[in-house]
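Undergrad: Take this sequence and fold it.
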Amino acid sequence: MIQGLQTVAVLYGGASPEAKVSDASAKAIATGLETLGYAVKKINLSSNWIMGLMDMNPDYCFIAGHGAPSEDGTVQAVLESLNIPYNGSSVLASALCMDKSMAKAHCRLAGVGVPTQMSTDNVSYPCVVKPNNGGSSVGVSLVHNAKELSSALNKTRVYAGDV
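TA: Numbering: from 1, shown residues only. Reported below is the predicted structural model:
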């Protein structure tokens with residue numbers, strides 16, 4: 001156990017299509033932390049989570065969510081405003097990396113090689129279609145031809161307007 005750290009909130013779930021993925025993560029994390037002697041409370045990010053967090057007033061938050069609001073800077077901003085330490089990236093890094101176009105632009109500026117983005121008018125195959133602001137593999141398609149591209153774009157736009 002880390003000295004001074006006794007209570008841990010494990011944040012998971014939410015309205016993201018990735019919420020179910022985080023349920024299993026949160027269960028495993030909570031079990032591990034309890035085994036180490038921490039008092040743990042799992043808090044679902046679907047509703048009233050900020051009030052639950054304020055009522056608990058944990059020493060630390062373990063963000064186990066996937067997608068928004070766990071990975072887009074929202075949870076991180078709330079935790080920072082409440083002065084609760086947490087795992088993972090900062091508000092800015094989280095928000096930036098959730099927006100694939102912005103993350104790629106910053107990587108390019110830093111000299112990091114990134115895949116080329118294409119408009120739907122100028123596609124070479126095979127290609128990958130992915131929501132601009134999603135996480136995990138939700139809405140991702142590997143496309144081999146124009147017919148698959150049309151279907152993949154429709155599928156992906158269910159999750160995000162920008163592809």
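
Undergrad: which regions of this protein lie under the pLDDT threshold?
TA: Low-confidence segments of the chain, defined by pLDDT under 70: 1, 119-120, 135.

Undergrad: can you map out the strands along it?
TA: With strands called from DSSP state E, the chain shows them at 7-12, 39-44, 60-63, 127-129, 141-143.

Undergrad: Dump those strands into a markdown table; add distance to Q117 and mean neighbour count as well.
TA: All C-beta atoms are positioned from the backbone trio N, CA, C, and that covers glycine. As requested, those are exported to a markdown table (distance: least, C-beta to C-beta, whole Å; neighbours: other C-beta atoms under 10 Å):
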| stretch | distance to Q117 | mean neighbour count |
| --- | --- | --- |
| strand 7-12 | 32 | 24 |
| strand 39-44 | 35 | 18 |
| strand 60-63 | 29 | 23 |
| strand 127-129 | 10 | 16 |
| strand 141-143 | 14 | 16 |
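
Undergrad: Can you list the buried residues in the longest helix along the chain?
TA: Identified as the longest helix of the chain according to DSSP state H is helix 19-35. Neighbour-count burial for helix 19-35, counted by 16 or more other C-beta atoms under 10 Å, picks out A19, V21, S22, D23, S25, A26, I29, A30, L33.

Undergrad: Pipe the residues you listed into CSV and attach distance to S141 per row.
TA: Converted to CSV, the buried residues of helix 19-35 look like this (distance: C-beta to C-beta, whole Å):
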residue, distance to S141
A19, 21
V21, 18
S22, 23
D23, 25
S25, 24
A26, 28
I29, 30
A30, 34
L33, 37
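
Undergrad: Looking at these, which is nearest C127?
TA: For these, the closest approach to C127 (C-beta to C-beta) belongs to V21, at 24.9 Å.

Undergrad: Which neighbouring elements make contact with the longest helix of the chain?
TA: In terms of contacts (3 or more C-beta pairs under 8 Å, 6 or more residues apart in numbering; DSSP states H and E), helix 19-35 is packed against strand 7-12, strand 39-44.
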